[in-house]
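Undergrad: Dropping the sequence and predicted coords here.
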Amino acid sequence: MNHAIRLHETGGPEKLVWEEVPLPSPKPGEALVRHAAIGLNFIDIYFRTGLYKAPAMPAVIGMEGAGTVEAVGEGVTDLKPGDRVGYAMGPIGAYAEARTIRADLLVKLPSDIPFDTAAAMLLQGLTAQYLLRRTYAVKPGETILVHAAAGGVGLILVQWAKALGATVIGTVSTEAKAELARSHGADHVILSSDDLPSRVSEITGGARLPVVYDSIGRDTFTASLDSLAPLGLLVSYGNASGPVTGVDLGVLAAKGSLYVTRPTLATYVAKRADLLAMSEELFDVVRSGKVKIGINQTFPLKDAADAHRALEGRKTTGSTVLIP
């Protein structure tokens, strides 16, 4: 028997339906994974609302999971039944008790990384890895800004950037989230209701910033640009408030020959060698204690709609996992 949360049409959280579905058999190059935990991420909301288009309906959404290999298809030689694995990218389909997935998207989990931790950290942690190490390589002594610093990716970014020797400014929506960001190493915290560029200028003595990591999107785009030093980089990696549209490139010139990029994890892990190297660095930084993964909310998978409401309502902090 196999159950999944399925989406028959896009819309609100109420469109997520718990249903019995067939147990699939792995095709050549695939593995059948029995989930122990599933990660909740904002990209799931993008698929549910239709901002990102599912390939077909009904759809099982979800990008991140961890569990045990139950079977492998023809041609799979580096995995076997019983292996502990996790994944953070690839076709949607994680909101299920069991699923098939391309074997080359799976990474073996170290024995000291629990399933729930893996499901809480892979997508968010790999995102933090490429943002800090590849999109903009943060250097000791730099001051950077992280939006949504109390969220899942945000808390990892704050901790990892501190481990790299940076001074970290975080933005949050409430005082409670400000305390959480500080407890994870944020040197300065700015409330989203404050004048961001003014506060950044005050903190940096007018120098402003070499990089801003922005997962909010539309609502923070202009303020993020105004917080950058000349030649600074805005890394816009999310759309929590809606997508950024209608950008006038002349604005980048006027504000100091600025750079803007819109990266995605899929590009950075497209080569399996990169996926494995990035995962190993993530596992190492977590096992060292430099980055702690906080699972602050847990929901039964069948209650995924409630989890979406909490995430959209900014009522979550850190990571959230769904348990089949």
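TA: Yes, it's here.

Undergrad: Angles on the backbone of Pro58, please.
TA: Here is the backbone geometry of Pro58 (degrees, to the nearest 10): phi -70, psi 150.

Undergrad: ah, wrong one, I meant Phe42
TA: Dihedral angles (degrees, to the nearest 10) for Phe42: phi -60, psi -30.

Undergrad: How about the contacts made by it?
TA: By CB atoms under 8 Å, 6 or more residues apart in numbering, Phe42 lies in contact with Ser215, Gly238, Asn239, Ala240, Leu311. Bear in mind the C-beta positions are built from the backbone N, C-alpha and C, glycine included.

Undergrad: excluding its backbone neighbours, what's nearest Pro81?
TA: The shortest distance from Pro81 to any non-neighbouring residue, by CB to CB, 6 or more residues apart in numbering, is to Val69 (5.5 Å).

Undergrad: what does Thr143 give?
TA: Thr167 is the one closest to Thr143 (CB to CB, 6+ apart), at 4.3 Å.

Undergrad: pretty sure that neighbour contacts Leu145?
TA: No - counting by CB atoms under 8 Å, Thr167 sits too far from Leu145 to count as a contact (10.0 Å).

Undergrad: which one of the two has more residues nearby?
TA: Neighbour totals were compared for Thr167 and Leu145, and Leu145 leads with 27 against 17 (other CB atoms under 10 Å).

Undergrad: May I ask you to confirm that that one belongs to a strand?
TA: Yes - using DSSP: H, G, I helix; E, B strand; the rest coil, the secondary structure at Leu145 is a strand.

Undergrad: May I see the buried residues of stretch 102-112?
TA: Arg102, Ala103, Asp104, Leu105, Leu106, Val107, Leu109 (16 or more other CB atoms under 10 Å).

Undergrad: Over to the residue nearest the centre of the chain. Which of the three states is it?
TA: Closest to where the C-alpha atoms of the chain average out (CA atoms, centre = their mean) is Gln124, at 3.2 Å. Put simply, Gln124 is helix when judged by three-state DSSP.

Undergrad: Which secondary structure state is assigned to the closest residue to Glu14 other than its chain neighbours?
TA: In space, and not counting its chain neighbours, Glu14 is closest to Ala305: 6.2 Å by CB to CB, 6+ apart. Here Ala305 is helix, with the state taken from three-state DSSP.

Undergrad: My read is that Ala305 contacts Gly11, right?
TA: No - shown here, Ala305 and Gly11 do not form a contact pair, counting by CB under 8 Å, at 11.0 Å.

Undergrad: Comparing these two, which shows the higher neighbour count?
TA: Ala305 (18 against 12).

Undergrad: Let me know the pLDDT of that one.
TA: pLDDT recorded at Ala305 is 98.

Undergrad: Distance of it relative to Val286?
TA: With the distance defined as CB to CB, to the nearest Å, Ala305 ends up 30 Å from Val286.

Undergrad: what are the ranges of the strands in the stretch 51-200 of the chain?
TA: Taking DSSP state E, counting those that start in this stretch as the criterion, the stretch 51-200 of the chain carries its strands at 65-72, 84-87, 98-102, 107-108, 143-146, 167-172, 188-191.

Undergrad: which other residues reach the last one?
TA: Going back to what we said before, that points to strand 188-191. Applying CB under 8 Å, 6+ apart, the contact partners of strand 188-191 are 149, 167-175, 178, 181-182, 196, 199-200, 203.

Undergrad: Which among these count as buried?
TA: For these, a neighbour count by 16+ other CB under 10 Å gives the buried set as 149, 167-172, 178, 181-182, 196, 199-200, 203.

Undergrad: Who are the contact partners of Arg218?
TA: With the criterion set at CB under 8 Å, 6+ apart, Arg218 makes contact with Asn239, Ser241, Gly242, Pro243, Val244, Thr245.

Undergrad: what does Ile113 give?
TA: Phe283, Val286, Arg287.

Undergrad: In terms of pLDDT, where does it sit?
TA: So Ile113 comes in at 95 (pLDDT).

Undergrad: I'd like the numbering to begin with 56 instead of 1 from here.
TA: Sure, I'll start numbering at 56, so the last one becomes Ile168.

Undergrad: Give me the phi and psi for it.
TA: phi -110, psi 110.

Undergrad: In this protein, what residue spans correspond to helices?
TA: Per DSSP state H, the chain carries helices over the ranges 97-104, 170-185, 207-218, 230-238, 251-258, 276-280, 304-309, 320-323, 327-342, 359-367.

Undergrad: So which other helices or strands are in contact with the fourth one?
TA: What that stands for is helix 230-238. Other helices and strands packing on helix 230-238, by 3 or more CB pairs under 8 Å, 6 or more residues apart in numbering; DSSP states H and E, are helix 207-218, strand 222-227, strand 243-246.

Undergrad: Which strands and helices lie in contact with the longest one?
TA: The reference is to helix 207-218. For helix 207-218, the packing partners by 3+ CB pairs under 8 Å, 6+ apart are helix 170-185, strand 198-201, strand 222-227, helix 230-238.

Undergrad: burial of Pro68, as a residue count?
TA: Using other CB under 10 Å, Pro68 has 17 other residues around it.
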